[in-house]
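A.B. asks: structural data only, the sequence is not supplied:
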């Protein structure tokens with residue numbers, strides 16, 4: 001059995017509790033919220049002015065646009081005021097601060113990284129590559145979100161991470177984004193909630209429509225006659241939910257990429273956006289899009305979903321449809337193969353599968369690709385990010401789970417033209433947790449959601465025991481030579 005040694009080169013990325021988001025806070029139920037609002041309204045104006053000054057002084061340097069956020073928050077919580085209340089501008093902001101809190105999104109863990117080339121490769125030394133590193137950040141309540149870092153790989157394969165920006169910001173939802181009529185109909189049919197009334201609503205909409213247009217069509221007199229039917233009402237609510245689940249968010253132009261965080265918004269994500277596997281996808285016309293498959297988790301159910309961006313400033317959240325959309329660990333190939341999209345998946349929490357589709361949103365027929373064979377992977381096998389194209393074949397990093405639920409990284413090679421053919425496989429782990437890496441939130445785990453090859457070397461960011469992140473490298477020729 002051939003073995004291979006990686007170079008653990010660092011640097012280590014550890015959770016930083018000082019990186020905080022400013023987020024809405026709901027104190028109890030609506031009755032409690034109304035009581036709180038009444039108490040704030042009863043404060044003398046001089047006290048209001050003093051308290052607001054203290055809030056802005058204490059928290060203003062921790063957030064880029066604190067007052068702007070509080071103005072928006074007041075608009076959201078003003079419904080808890082009595083109709084005759086006319087609070088002063090200062091009282092509005094103070095009231096909003098009682099319905100706001102800080103959330104330390106990476107206080108508990110910063111792990112499961114994926115790495116892709118940065119869209120901007122200008123002004124670099126010869127042989128260097130600029131990259132974007134995505135990470136799963138976990139904070140209070142074990143809620144997971146996506147955060148980012150940027151850095152460079154030198155010609156000598158040294159990693160330099162740029163210090164993260166001091167503020168952390170969330171994107172805003174893009175309410176004027178449009179839905180494609182034909183695609184929306186297909187998704188509605190796939191989830192099985194379509195009905196004659198749904199199709200009638202869609203018939204009144206243009207080829208590309210907005211959420212506002214959909215809402216107006218649902219509330220129109222033409223539809224109101226059917227709204228008393230519980231089955232129709234359920235189908236219409238399902239249609240609205242589908243639209244709400246396919247949405248766009250955008251960051252303002254100012255924040256650096258390391259300042260951006262994508263936090264759960266939908267009920268299907270409320271416990272986390274987990275393990276994003278980013279890939280730089282190049283289509284047949286040469287256009288480049290960054291996709292990420294991720295797991296939405298609501299506390300009970302895991303659901304594979306898709307992110308799409310061209311610049312890491314604007315992101316589309318996309319539902320995946322079809323019977324093969326299940327379990328965790330879907331990973332998209334970085335280009336089409338024989339005209340079709342290709343995806344790795346783990347249908348049964350044990351083996352790896354390969355599937356093809358004419359559209360990246362729909363997946364139907366998985367075929368078994370790789371099963372556990374070696375002692376260190378007998379419990380289950382999964383991918384560790386999108387396949388990497390090399391001259392020798394598609395390099396797939398894998399994770400295997402063995403005795404004592406120890407996670408190791410492995411690798412195998414697929415034929416370039418027919419990825420259903422496995423043409424090489426490591427028999428020994430590529431990376432196993434050492435004594436410095438085995439202690440953490442989940443002990444005895446090394447894991448990654450995506451690596452890249454630069455200058456003939458595999459650049460491998462990896463998580464250590466679901467707690468922190470580091471880097472390793474290995475010459476590609478050594479890795480391929482060790483495969484059987």
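C.D. replies: Here it is on my side, so go on. These figures come from a predicted structure and were not determined experimentally. Numbers count the residues shown, from 1 in each chain.
A.B. asks: use CA for all of it now, contacts and neighbours both
C.D. replies: Fine.
A.B. asks: so how far is residue 78 from residue 85?
C.D. replies: 9 Å (Cα to Cα, to the nearest Å).
A.B. asks: between these two, which has more neighbouring residues?
C.D. replies: More neighbours surround residue 78 than the other of residue 85 and residue 78, with 17 against 10 (other Cα atoms under 10 Å).
A.B. asks: what's the spacing between that one and residue 388?
C.D. replies: With the distance defined as Cα to Cα, residue 78 ends up 52 Å from residue 388.
A.B. asks: equivalent analysis for residue 414, please.
C.D. replies: Residue 414 is 10 Å from residue 388, by Cα to Cα.
A.B. asks: okay, and the common contacts of those two?
C.D. replies: Counting by Cα atoms under 8 Å, 6 or more residues apart in numbering, the residues touching both residue 414 and residue 388 are 394, 395, 396.
A.B. asks: of these - the most surrounded one?
C.D. replies: With neighbours defined as other Cα under 10 Å, the most crowded of the shared contacts of residue 414 and residue 388 is residue 395; it has 25 neighbours.
A.B. asks: got the contact list for it?
C.D. replies: With Cα under 8 Å, 6+ apart, residue 395 has these contacts: 387, 388, 389, 411, 412, 413, 414.
A.B. asks: check residue 190 too.
C.D. replies: The contact partners of residue 190, by Cα under 8 Å, 6+ apart, come to 321, 322.
A.B. asks: could you list the low-confidence segments of this protein?
C.D. replies: Counting by pLDDT under 70, the chain has low-confidence residues at 222-228.
A.B. asks: for residue 102, give me its contacts.
C.D. replies: Going by Cα under 8 Å, 6+ apart, residue 102 touches 20, 21, 22, 23.
A.B. asks: again, 6 Å this time
C.D. replies: 20, 21, 22 (Cα atoms under 6 Å, 6 or more residues apart in numbering).
A.B. asks: go through the residues you listed and flag which are in strands.
C.D. replies: 20, 21, 22 (DSSP state E).
A.B. asks: between the residues you listed, which is nearest residue 445?
C.D. replies: Nearest to residue 445, judged by Cα to Cα, of the ones in strands among the contacts of residue 102 is residue 20 at 26.8 Å.
A.B. asks: so the closest one sits against residue 104, correct?
C.D. replies: Yes. Shown here, residue 20 and residue 104 form a contact pair, counting by Cα atoms under 6 Å, at 4.3 Å.
A.B. asks: can you give me the helices in the stretch 1-150 of the chain?
C.D. replies: 30-41, 45-59, 66-77, 89-98 (DSSP state H, counting those that start in this stretch).
A.B. asks: which strands and helices sit next to the last one?
C.D. replies: Packing partners of helix 89-98 (3 or more Cα pairs under 6 Å, 6 or more residues apart in numbering; DSSP states H and E): helix 66-77.
A.B. asks: for the helix it packs on, packing partners?
C.D. replies: Contacts defined by 3+ Cα pairs under 6 Å, 6+ apart place helix 66-77 against helix 89-98.
A.B. asks: could you chop the chain up by domain?
C.D. replies: 7-15+105-171+251-481, 20-104, 173-247 (automatic domain parsing).
A.B. asks: still on that earlier bit, turn the shared contacts of residue 414 and residue 388 into a markdown table, including secondary structure and distance to residue 324.
C.D. replies: Output for the shared contacts of residue 414 and residue 388, formatted as a markdown table (DSSP: H, G, I helix; E, B strand; the rest coil; distance: Cα to Cα, whole Å):
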| residue | secondary structure | distance to residue 324 |
| --- | --- | --- |
| 394 | strand | 22 |
| 395 | strand | 23 |
| 396 | strand | 20 |
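A.B. asks: closest to residue 293 out of these?
C.D. replies: Distances from residue 293 to these, taken by Cα to Cα, are shortest for residue 396, at 15.7 Å.
A.B. asks: who's that closest one bridged to?
C.D. replies: residue 412 (DSSP bridges).
A.B. asks: check contacts around it.
C.D. replies: So residue 396 contacts 387, 411, 412 (Cα under 6 Å, 6+ apart).
A.B. asks: neighbour-wise, which one of the residues you listed leads?
C.D. replies: residue 387 (29 neighbours).
A.B. asks: where do the helices of the stretch 251-400 of the chain begin and end?
C.D. replies: Using DSSP H, counting those that start in this stretch, helices in the stretch 251-400 of the chain do not occur.
A.B. asks: now the strands for it?
C.D. replies: With DSSP state E, counting those that start in this stretch as the definition, the stretch 251-400 of the chain shows strands at residue ranges 261-262, 272-282, 288-297, 302-309, 314-319, 331-332, 341-345, 352-357, 367-370, 380-383, 388-390, 393-401.
A.B. asks: residue 476 and residue 297: what is the separation?
C.D. replies: For residue 476, the distance to residue 297 - Cα to Cα - is 35 Å.
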